[in-house]
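S.K.: Model the structure of this input:
(2 chains)
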2 protein chains.
Amino acid sequence: MSKPTKRNAFYAQSGGVTAVINASACGVIETARANKDRIGKVFAGRNGIIGALTEDLIDTSKESARDIAALRTTPSGAFGSCRYKLKSLEENRAEYERLIEVFAAHNIGYFFYNGGGDSADTCLKVSQLSKRLGYELQAIHVPKTVDNDLPITDNCPGFGSVAKYIATSTLEASFDVASMAKTSTKVFILEVMGRHAGWIAAAGGLASTEANPLPIVILFPEVKFDRAAFVANVKRKVDEFGYCSVVVSEGVCNPDGSFLADQGLRDSFGHAQLGGVAPVVAGIVKEDLGLKYHWAVADYLQRAARHIASKSDVEHAYAVGKAAVEMALAGKNSVMPAIERISDKPYRWRIAEAPLARVANREKMMPKSFITRDGFGITPKCRRYLEPLIAGEDFPPFAGGLPKYVRLKNVAAPKRLEKGFEL
Amino acid sequence: MSKPTKRNAFYAQSGGVTAVINASACGVIETARANKDRIGKVFAGRNGIIGALTEDLIDTSKESARDIAALRTTPSGAFGSCRYKLKSLEENRAEYERLIEVFAAHNIGYFFYNGGGDSADTCLKVSQLSKRLGYELQAIHVPKTVDNDLPITDNCPGFGSVAKYIATSTLEASFDVASMAKTSTKVFILEVMGRHAGWIAAAGGLASTEANPLPIVILFPEVKFDRAAFVANVKRKVDEFGYCSVVVSEGVCNPDGSFLADQGLRDSFGHAQLGGVAPVVAGIVKEDLGLKYHWAVADYLQRAARHIASKSDVEHAYAVGKAAVEMALAGKNSVMPAIERISDKPYRWRIAEAPLARVANREKMMPKSFITRDGFGITPKCRRYLEPLIAGEDFPPFAGGLPKYVRLKNVAAPKRLEKGFEL
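M.R.: Numbering: from 1, shown residues only, chains lettered A, B, ... in the order given. As a prediction, this is how the structure comes out:
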């Protein structure tokens, strides 16, 4: 049997989903379809890489062009994602071999893995192993993470839309508190995502502008929590403006390195209760300043908020998906399309090529120059970096008052292997 | 001195602000300006009724037509609002007399009070007292409350936009959880406003439609919390869909009437901690079902979210402001413009006139026929009621990636009284 020249592609979503990861899927699938002469079917892993391991492949050719196009405006992971980190090659070579086996059974020559740092690492390993096993495979990583912590790329698709949501919410809640502060709430606290890096919290700072300055205090995971300094800062802002908004990263730590959110709370039965960090900060405001507060925890709302997605983020997300396929067609392997910034104002960017070996296992924290000296705000440099990422609106279509998001049919491709796989 | 024929108006915002209360302000001011021959200046109370008591009046004639028009797309209370309930006439007649004194000093013949049930009551009392004192004043209440609990009016401006925000957020978060449920979070819990009435929680149910059914469990304040039934319902949904979303009113109560949110939490020093109800529900899901959860608390974000306001809500809000002035010009007193629904589909409505005596001090709860028999969902009847209220989008203008909200100059009118007033 002669080897077919036209090979299929495999695409999977990995880790926490975002408002725009489906826009990347859209970019991959539409570009593959536009190159039908060279790429066969695009299979998607049901629930991410688990779908590859268990040979649960979704045949995306069963989806209409219209539904695939609608992925561009639909949040979440259309094929399912997963938190499943492949072990190292030494620890569990069987998993990697199984991947290659499934790929071989379905004539898969292109592997597109859409995720953050962990999946970049997996992508690299799959590429290395296939080479050693003599299986021809081009592995391309498609960047995605709301944490914005991938190296090389200027920013990570998914982040810009969270940033826009947090900046907008901080602006709106600040207006709300400002109008009530005379007799009611004086401090509003918004908890945002970010275990290690404060990129998302930083976006709260965008709500305050020169034309419309707002009193905003940011708590970054990069800055150890200094209770006295924090309280003094909030007090100063309340004295000046009559109110204050606090944007706090879930990952803020005490000077001893423990999470601020872990306050040893116990319920009436003595069970430990892990609350969010927002109520902890609220408690501090009440205890040290005696001020009336309110708090919110955005949680999944922030990363799923496709209704207020950033246009530049959507464009980045689509572009990296498209570029991944183009790189594959150009014979590339073990690379990631990265966003390269050419200028801040006007914002200009292009797609560059990053070798996966330089992407995997490296986290990009907020640079010191992005955080004000007192540790509670963002610098003009940070603002220049962030502003283009929230620029522009790209509202989804609406029907009956709600965003119209697509649900794919997600038809399984027939299995070709007799053997199953235990996760 | 002969009495001037052209009299001024006083407008104040009361209680919790909303995404569209400024649209009502816009309706009042634009309509007054359009009738310059009959209405003089519109003064606004700085921080609501407090501004009247302390003679801190904002001269809205100093604002440009453009800025007043921009109120239509700006959330929060542009002149400041307050939580300040006037006591009964018997308890503090001095407060009411002071109001009349300030009104007289500024030739105010029209009193427009924009708020919920309490302010309807205040409005009525001011009208009654002015009559007794022989001071000519027309008091018109302009309805506003996210709680949607005013009687007579079909719905309350402010509610439709919160409902749209909660329905959209529930939809988006459900899509998020659905894509991760295989290996990660299976239950998502969203805490929403509503101490007494479950209207806002009900809106979460709109995220699930016939075309796109989603597993949503709603906890209403009208239904005593039944832990076993709740847990069984969540389990059934997780078994069927793989995940479940829970929308919980902050006011949900235990069978003994205590708030579910009050769990006797103590910090490491033994201090009582009042968390939200979402983490409590999350704890129950973990304890009884052992499922991975995430929770969010929308708090002020929901009522300030002008970026996703409902078009019908904005139109209602503007219309009641406009109608209030028109009623005043028609010689009405002690009334409130109410929204009267003519038909559900297509949605048609008009402004009716409600006597304040029938509005004040009455709360409208969710009718039993709007809650499913099991107590965890909304009926088709409820859906027919809610759907028109979230219909249509009315995005604010954006600049630099953020909504462009107006800040007024809020210039104080010169005081005319020597005496101040102690609040």
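S.K.: Looks like A:V177 contacts A:T185 (just checking).
M.R.: Yes - using C-beta atoms under 8 Å, A:V177 makes contact with A:T185 at a distance of 5.5 Å. Where C-beta positions appear, they are placed from N, C-alpha and C, glycine not excepted.
S.K.: ok, those two, which is more surrounded?
M.R.: A:V177 (28 against 20; other C-beta atoms under 10 Å in any protein chain shown).
S.K.: Tell me which residues touch the more buried one, please.
M.R.: A:V177 makes contact with A:T185, A:K186, A:V187, A:F188, A:Y243, A:S245, A:H294, B:Y300 under the criterion C-beta atoms under 8 Å, 6 or more residues apart in numbering or on different chains.
S.K.: Is it correct that the last one is in contact with A:A298?
M.R.: No - in this structure, B:Y300 sits apart from A:A298 without contact. The criterion is C-beta under 8 Å, and the distance is 11.6 Å.
S.K.: now A:E172, nearest residue through space, not along the chain?
M.R.: B:A304 (3.8 Å; C-beta to C-beta, 6 or more residues apart in numbering or on different chains).
S.K.: Thought B:N22 was touching the one you found, still the case?
M.R.: No - counting by C-beta under 8 Å, B:A304 does not reach B:N22; the two are 11.3 Å apart.
S.K.: picking that back up, show me whatever sits in contact with both of A:V177 and A:T185.
M.R.: Common neighbours of A:V177 and A:T185 (C-beta under 8 Å, 6+ apart) are A:Y243, A:H294, B:Y300.
S.K.: Count the neighbours of the residue nearest to A:E172 for me.
M.R.: B:A304: 28 neighbours (other C-beta under 10 Å).
S.K.: Also A:L214?
M.R.: There are 20 residues near A:L214, going by other C-beta under 10 Å.
S.K.: State the helix or strand in which A:E91 lies.
M.R.: Assigned by DSSP states H and E, A:E91 falls within no helix or strand.
S.K.: what are the ranges of the strands in chain A?
M.R.: Under the criterion DSSP state E, strands of chain A are mapped to A:7-13, A:39-45, A:57-59, A:108-115, A:138-143, A:187-192, A:216-219, A:244-249, A:293-297, A:335-343, A:348-355, A:398-399, A:402-403.
S.K.: What is the third one packed up against?
M.R.: Read that as strand A:57-59. Using 3 or more C-beta pairs under 8 Å, 6 or more residues apart in numbering or on different chains; DSSP states H and E, the elements in contact with strand A:57-59 are strand A:39-45.
S.K.: same deal with the second one?
M.R.: Helices and strands touching strand A:39-45, by 3+ C-beta pairs under 8 Å, 6+ apart, are strand A:7-13, helix A:21-33, helix A:49-53, strand A:57-59, helix A:311-329.
S.K.: want to throw the ones you listed into JSON lines with mean neighbour count and mean pLDDT?
M.R.: Shown next, in JSON lines, are the helices and strands packed on strand A:39-45 (neighbours: other C-beta atoms under 10 Å in any protein chain shown; pLDDT from 0 to 100):
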{"stretch": "strand A:7-13", "mean neighbour count": "26", "mean pLDDT": "98"}
{"stretch": "helix A:21-33", "mean neighbour count": "27", "mean pLDDT": "98"}
{"stretch": "helix A:49-53", "mean neighbour count": "24", "mean pLDDT": "97"}
{"stretch": "strand A:57-59", "mean neighbour count": "24", "mean pLDDT": "98"}
{"stretch": "helix A:311-329", "mean neighbour count": "25", "mean pLDDT": "98"}
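S.K.: Make TSV from these and add distance to B:T5 to it.
M.R.: Formatted as TSV, the helices and strands packed on strand A:39-45 follow (distance: least, C-beta to C-beta, whole Å):
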stretch	distance to B:T5
strand A:7-13	71
helix A:21-33	63
helix A:49-53	78
strand A:57-59	76
helix A:311-329	54
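S.K.: Which among the ones you listed is found nearest to B:D344?
M.R.: helix A:21-33 (33.7 Å; C-beta to C-beta).
S.K.: ok, is that closest one in contact with chain B or not?
M.R.: No - using C-beta under 8 Å from any C-beta of the partner chain, we find that helix A:21-33 stays clear of chain B, coming within 8.9 Å at best.
S.K.: and that helix, how far from the chain's centre?
M.R.: Averaged C-alpha coordinates place helix A:21-33 at 17 Å from its chain's average position (C-alpha atoms, centre = their mean, to the nearest Å).
S.K.: orientation of it relative to strand A:138-143 in degrees?
M.R.: Helix A:21-33 and strand A:138-143 are oriented at 150 degrees to each other (axes from the mean of the first three to the mean of the last three C-alpha atoms, to 10 degrees).
S.K.: Are there helices or strands packed against helix A:21-33, and which ones?
M.R.: strand A:7-13, strand A:39-45, helix A:65-70, strand A:108-115, helix A:311-329.
S.K.: If you average the pLDDT over the fourth one, what comes out?
M.R.: Right, strand A:108-115. For strand A:108-115, mean pLDDT rounds to 98.
S.K.: Name the residues linked to A:A354 by a beta bridge.
M.R.: Counting by DSSP bridges, A:A354 forms beta bridges with A:M336.
S.K.: So which residues on the stretch 301-423 of chain A come close to chain B?
M.R.: Going by C-beta under 8 Å from any C-beta, the residues of the stretch 301-423 of chain A near chain B are A:301, A:303-308, A:310, A:387, A:390-393, A:395, A:398, A:400-403, A:405, A:407.
S.K.: Let's see which of these end up in helices.
M.R.: Using DSSP state H, the members of those that fall within helices are A:L301, A:R303, A:A304.
S.K.: And the residues you listed, which is closest to A:K125?
M.R.: Nearest to A:K125 among these, with distances taken as C-beta to C-beta, is A:R303, at 26.8 Å.
S.K.: ok, the nearest residue to that closest one once chain neighbours are set aside - contacts?
M.R.: Leaving aside its chain neighbours, A:R303 sits nearest to A:V146 (4.9 Å; criterion: C-beta to C-beta, 6+ apart). A:V146 sits next to A:G16, A:T18, A:C156, A:G158, A:F159, A:V162, A:M193, A:I200, A:Q302, A:R303 when contact means C-beta under 8 Å, 6+ apart.
S.K.: What parts of the stretch 101-250 of chain A come near chain B?
M.R.: For the stretch 101-250 of chain A, the contact set with chain B under C-beta under 8 Å from any C-beta comprises A:164, A:167-169, A:171-173, A:175-180, A:182-185, A:188, A:190, A:206-207, A:209, A:212.
S.K.: What subset of those residues is buried?
M.R.: By neighbour count, with 16 or more other C-beta atoms under 10 Å in any protein chain shown, those hold A:164, A:167-169, A:171-173, A:175-180, A:182-185, A:188, A:190, A:206-207 as buried.
S.K.: just to revisit the earlier point, show the model's pLDDT score for the residue nearest to A:R303.
M.R.: 97.
S.K.: contacting residues for the nearest residue to A:R348 once chain neighbours are set aside?
M.R.: Leaving aside its chain neighbours, A:R348 sits nearest to A:I342 (4.1 Å; criterion: C-beta to C-beta, 6+ apart). A:I342 is in contact with A:R348, A:W349, A:R350, counting by C-beta under 8 Å, 6+ apart.
S.K.: This completes my enquiry, with thanks.
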